[in-house]
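Undergrad: Below are the sequence and a predicted model for it; my questions follow.
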Amino acid sequence: YSEAFDPNVRRVMHAKMQQLQQSLQVEYYDFSVDPQFSHDETLFCDSHHLNRAGSTAFSTKFKAQIDLAQALKR
């Protein structure tokens, strides 16, 4: 999915997300290049949407990232 986007567009998007993250003091998580998701077609029901197994795997990974971020802030 991510490989279909122009690399320049991706760079601009990442720069904008960094700006928002800093100015709004929010966390931003990007799983678009995570090999667990970007290279495993069995986790998707179409080119954009995770299926049940994919959404479960994503939710688990996302929660772990949030938990880690919270632990590092303590």
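TA: In hand now; what should we look at? Numbering: from 1, shown residues only.
Undergrad: Could you list the low-pLDDT ranges of the protein?
TA: The chain contains residues with pLDDT under 70 at 1-3.
Undergrad: What distance do you get for Arg52 to Phe5?
TA: Counting by Cβ to Cβ, to the nearest Å, the gap from Arg52 to Phe5 is 26 Å. For glycine as for every other residue, the C-beta is placed from the backbone atoms N, C-alpha and C.
Undergrad: Correction: the previous question concerned Met17.
TA: 14 Å.
Undergrad: helix, strand or coil for Phe37?
TA: Phe37 falls in the helix class when you classify it by DSSP: H, G, I helix; E, B strand; the rest coil.
Undergrad: State the phi and psi torsions of the residue lying closest to it once chain neighbours are set aside.
TA: Setting aside the residues directly before and after it, Phe37 is nearest to Phe31 in space (Cβ to Cβ, 6 or more residues apart in numbering), at 5.7 Å. Backbone geometry at Phe31, expressed as degrees, to the nearest 10, gives phi -100, psi 10.
Undergrad: Leu43: how many residues sit nearby?
TA: For Leu43, the count of nearby residues is 19 (other Cβ atoms under 10 Å).
Undergrad: From what I see, it and Thr60 are in contact.
TA: No. The pair Leu43 and Thr60 does not pass the contact test of Cβ atoms under 8 Å, sitting 11.9 Å apart.
Undergrad: List the contacts of Gln36.
TA: Shown in contact with Gln36 (Cβ atoms under 8 Å, 6 or more residues apart in numbering): 43, 57, 61.
Undergrad: In contact with the first one, which residues are there?
TA: Listed by Cβ under 8 Å, 6+ apart, the contact partners of Leu43 are 36-37, 50-51, 53-54, 57-58.
Undergrad: now for the top helix by length along the chain, which elements pack on it?
TA: Using DSSP state H, we find that the single longest helix of the chain is helix 52-73. On a contact count with 3 or more Cβ pairs under 8 Å, 6 or more residues apart in numbering; DSSP states H and E, helix 52-73 meets helix 35-38.
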